[in-house]
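J.: predicted model follows, preceded by the sequence.
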Amino acid sequence: MISLNLAKNLENQLVEAVGKMTQDAIAVINARTVSGKDSDNKSFVEYSKAYAKHRIREGRNAKPVDLLWTGGMLRSMQWKTKVEGAKVIGEIFFADATEAEKAAYLMKGVKRIDGKNSARNFFAFGEKLINRLSKIYRGSINFKDANK
């Protein structure tokens, strides 16, 4: 007897598609952050004057605001996929607790002396990234191959 497990074949494609999407999201977040852009592709709020001076004294650039000192935070971003019932979930997380705290601080920000909020929305999906991930998803599901 020959049996066709269409659901399992589609699930395998979904897991692979979500994995591709999650990896791509990390790559985009990294590239975007290094270029000084947030999830909406807007420039990050500048470093405070004191911190900009400190960066320059230490041989670092003050512009663009790239959230890099050692690169540990961005390197700490990891991904995984998991299947929970009928859901295929892609998860992006910081593998190092210290780097996760740093990322949370950067996302939340603080009110600075100059009155600006230092929040830098880098660890998020903007419309451009969502559209990109949707294309990856649509291009990854092949119903013909699921029928094998």
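T.: It's in. Residues are numbered from 1 along each chain as shown.

J.: now this structure, which segments are flagged as low pLDDT?
T.: 1-7, 145-148 (pLDDT under 70).

J.: let's go with 50 and repeat that
T.: Along the chain, segments meeting pLDDT under 50 span 1-2.

J.: show me what the helix ranked longest in it is packed against.
T.: Longest helix of the chain, by residue count under DSSP state H: helix 6-34. Using 3 or more C-beta pairs under 8 Å, 6 or more residues apart in numbering; DSSP states H and E as the contact test, the elements touching helix 6-34 are helix 72-75, strand 77-84, strand 87-94, helix 127-140, helix 143-146. C-beta here means a position set from N, CA and C on the backbone, and glycine is covered the same way.

J.: count of neighbours near Val34?
T.: By the criterion of other C-beta atoms under 10 Å, Val34 has 15 neighbours.

J.: number the chain from 666, please
T.: New numbering, starting at 666: the last item is Val699.

J.: wait, it sits on Asn726?
T.: No: taking C-beta atoms under 8 Å as the definition, Val699 is not a contact partner of Asn726, at 11.2 Å.

J.: one step back: mind checking which of the helices and strands packed on helix 671-699 is nearest Asn695?
T.: helix 737-740 (5.1 Å; C-beta to C-beta).

J.: next, the buried residues of the closest one.
T.: Met738, Leu739 (16 or more other C-beta atoms under 10 Å).

J.: hang on, the earlier thing: tabulate the helices and strands packed on helix 671-699 (TSV), appending distance to Asn786.
T.: Shown next, in TSV, are these (distance: least, C-beta to C-beta, whole Å):
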stretch	distance to Asn786
helix 737-740	15
strand 742-749	15
strand 752-759	15
helix 792-805	12
helix 808-811	37
